[in-house]
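S.K.: no sequence on this one, just coordinates:
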């Protein structure tokens, strides 16, 4: 059961919005290769604010994702593409369908 998640928000620098959009859209291909990532979503909140939501069965899956290729690539590009460091929150899922 997916009972743990991550919610990340990303604020793109002016003029870098499409790069952030493309980065998170393409990151789904890496997420598909992560055995312990159950679901992975990328989304847009407004013109320059984006987000990622993903789910996991346990802490080891969530930790593996936080130490994986997507997080590494995102953090290496953060100062170039984002106005601030990504805000990443660990969440507990209370209900789902």
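M.R.: Yep, it's here. The model shown is predicted, which means the values in this text are computed figures rather than measured ones.
S.K.: could you measure residue 32 against residue 54, distance?
M.R.: 11 Å (C-beta to C-beta, to the nearest Å). Backbone N, C-alpha and C define where each C-beta goes, glycine included.
S.K.: swap that for residue 68, please
M.R.: 11 Å.
S.K.: Just the residues contacting the helix of greatest length in the chain, thanks.
M.R.: Using DSSP state H to define each element, the chain has its longest helix at helix 17-32. Contacting residues not belonging to helix 17-32 are listed as 10, 12, 37, 40, 42, 44, 47-48, 50, 52, 54, 65, 68-70, 73-74, 77, 81-82 [C-beta atoms under 8 Å, 6 or more residues apart in numbering].
S.K.: packing partners for the helix or strand containing residue 38?
M.R.: Using DSSP states H and E, residue 38 sits within strand 37-44. Packing partners of strand 37-44 (3 or more C-beta pairs under 8 Å, 6 or more residues apart in numbering; DSSP states H and E): helix 17-32, strand 49-56, helix 59-66.
S.K.: I'd like to know which of the ones you listed lies nearest to residue 95.
M.R.: strand 49-56 (12.5 Å; C-beta to C-beta).
S.K.: What residues sit buried inside stretch 84-97?
M.R.: residue 86 (16 or more other C-beta atoms under 10 Å).
S.K.: Can you give me the end-to-end span of it?
M.R.: End-to-end span of stretch 84-97 (C-alpha to C-alpha, to the nearest Å): 34 Å.
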